[in-house]
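# kindly generate the corresponding structure for this input.
(one chain, ligands or ions: 1)
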Amino acid sequence: MEFIKLNISYKKHIALITLNRPKELNALNLQLMGELRDTLKALDDNDEVRVIVLTGNEKAFAAGADIKQMAGKTAIDMLNVDQFSTWDQIKKTKKPIIAAVSGFALGGGCELAMTCDMIVASESAKFGQPEIKIGVMPGAGGTQRLTRAIGKAKAMEMVLTGKFIGAEEAEKYGLINKVVPVEMYLDAAIELAEQIAELSPVAVKLAKESVNRTFETHLDEGLHFERKNFYLTFASEDQTEGMNAFIDKRKPEFKGK
Ligand code: CO8
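Now for the predicted structure:
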């Protein structure tokens, strides 16, 4: 892989993916996105991995889709390349993904962070959907996920003006989970990952799926979906272990079975 660095066992049960096109501020070209899709698929299939952390570097998480790669394209070129099938695959990742964001998370970069399940950011992080400034608009979920995350008023302002917001503002609006000093953003994301990696991978997967269902359906159907996944946790050894450990007053050992 050229544009992705993978440490499959950065910590116990935690894989770290680093976007690696630093000179271009991690602009998301087609090759990078393909490598990311394949990596996430492989990690999803690997039983040793329970949580995935996705990061860039201190200056940029990702400054958007690669404008130089897109500039000369026609609508039909874009249609035929169908890069959004890659994004759809990323969305299908069953294990939790935490974005550790520092610097720019713009356009497709902001959309990629929002495709993750949680975002931990450094104080220097800047989030924005500046596509409008180059004559286009968000295409990888920005108008939908940003609006769901922070509400219509602020999302509309960001999408229509292209203005960036800083990490503190992003936390205030509920876009991100946590802001920490720059030197701590990766550690803080890993710490969050460690909390989840200790838990039952089966229950975590089903819980992630259920929370995400909120965005796809109305309440009754969502509640029904949640209930089925709740029942399903009782088919796992982890449920027996978790409940017995509580009763025995000991720490559970979850196996993902
Ligand atoms: N695409 C390609 N190259 C980029 C991008 C980008 N998005 N962003 C930065 N670069 C390159 C620059 O061209 C420059 O390269 P070079 O040294 O060869 O000139 C290098 O990275 C460093 O960038 P700057 O010199 O501009 O660095 P500054 O610190 O001065 O500025 C900014 C940083 C403010 C982030 C600035 O680079 C910028 O505005 N970048 C573009 C941000 C943007 O408009 N992003 C949205 C892109 S469109 C998009 O994301 C659509 C998503 C929907 C489809 C998703 C499918 C993948």
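
# which stretches of the protein form strands?
Counting by DSSP state E, the chain has strands at residues 4-11, 14-19, 51-55, 60-62, 97-101, 104-106, 118-122, 126-128, 165-166, 178-180.

# nearest to the ligand: which residue in the stretch 101-250 of the chain?
Scanning the stretch 101-250 of the chain for proximity to the ligand using CB to the nearest ligand atom identifies Gly107 as nearest, at 2.5 Å. The way it works is simple: take the backbone N, C-alpha and C, and place the C-beta from them, glycine included.

# and for that residue, the neighbour number?
29 (other CB atoms under 10 Å).

# who's in contact with it?
By CB atoms under 8 Å, 6 or more residues apart in numbering, Gly107 lies in contact with 63-65, 128-131, 138, 142.

# that one and Lys95: what is the separation?
26 Å (CB to CB, to the nearest Å).

# return the backbone torsion pair for Gly107.
In terms of degrees, to the nearest 10, the main-chain angles of Gly107 are phi 50, psi -120.

# on that earlier part again, now the residue of the stretch 101-250 of the chain closest to the ligand: how far from Met114?
11 Å.

# can you check Gly222 too?
20 Å.

# neighbour count winner among those two?
The neighbour comparison of Gly222 against Met114 (other CB under 10 Å) goes to Met114, with 23 against 16.

# tell me who's in contact with the nearest residue to that one once chain neighbours are set aside.
Using CB to CB, 6 or more residues apart in numbering and skipping residues adjacent in sequence, the residue nearest Met114 is Arg145, 4.2 Å away. Arg145 sits next to 111, 114-115 when contact means CB under 8 Å, 6+ apart.

# let me have those in JSON lines, extended by distance to Leu6 and pLDDT.
Listed next are the contacts of Arg145 as JSON lines, based on distance: CB to CB, whole Å; pLDDT from 0 to 100:
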{"residue": "Glu111", "distance to Leu6": "21", "pLDDT": "98"}
{"residue": "Met114", "distance to Leu6": "22", "pLDDT": "98"}
{"residue": "Thr115", "distance to Leu6": "18", "pLDDT": "97"}
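
# for the ligand, what are the nearby residues on the chain?
The chain comes close to the ligand at residues 24-25, 27-28, 33, 63-68, 83, 104, 106-108, 130-131, 134, 138-140, as judged by CB under 6 Å from any ligand atom.
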